[in-house]
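Participant: I'll drop the sequence and a predicted model, then ask my questions.
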Amino acid sequence: MSNGTFKLSNQAVGSLMMALQESLLNQMDIVPILKGFELASTEEGLIVKNPPTVRFSDDSVITTEDLENLAT
């Protein structure tokens, strides 16, 4: 990583997949989640300091505000 390039860690890839899952399950835009990601560089690659969570048992309607708050 000394050449200024960064790779995603397994944790960051998992965070992206969780964001995609939440977006697809609720048919909502993924952009607010991704824009809220706080990234940090580690020896393993970039990590997401505030990974999203996916709700499975809650049947309430997901709003854009909910999605924006997933990554904050």
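Facilitator: That came through, no problem. Residues are numbered from 1 along each chain as shown.
Participant: hey, where'd the helices end up in the protein?
Facilitator: 10-25, 31-36, 64-70 (DSSP state H).
Participant: May I see those organised as JSON lines, with mean pLDDT and distance to Pro52 added?
Facilitator: All C-beta spots, glycine's among them, are computed from the backbone N, C-alpha and C. As requested, these are exported to JSON lines (pLDDT from 0 to 100; distance: least, Cβ to Cβ, whole Å):
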{"stretch": "helix 10-25", "mean pLDDT": "92", "distance to Pro52": "5"}
{"stretch": "helix 31-36", "mean pLDDT": "92", "distance to Pro52": "6"}
{"stretch": "helix 64-70", "mean pLDDT": "68", "distance to Pro52": "4"}
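Participant: Select, out of those, the one closest to Val48.
Facilitator: helix 10-25 (3.9 Å; Cβ to Cβ).
Participant: Give me the helices and strands touching the closest one, please.
Facilitator: Applying 3 or more Cβ pairs under 8 Å, 6 or more residues apart in numbering; DSSP states H and E, one finds that helix 10-25 contacts helix 31-36, strand 45-48, helix 64-70.
Participant: mind running it again at 7 Å?
Facilitator: Packing partners of helix 10-25 (3 or more Cβ pairs under 7 Å, 6 or more residues apart in numbering; DSSP states H and E): helix 31-36, strand 45-48.
Participant: most packed of those?
Facilitator: Highest mean neighbour count among the helices and strands packed on helix 10-25 (mean count of other Cβ atoms under 10 Å): strand 45-48, with a mean of 19.
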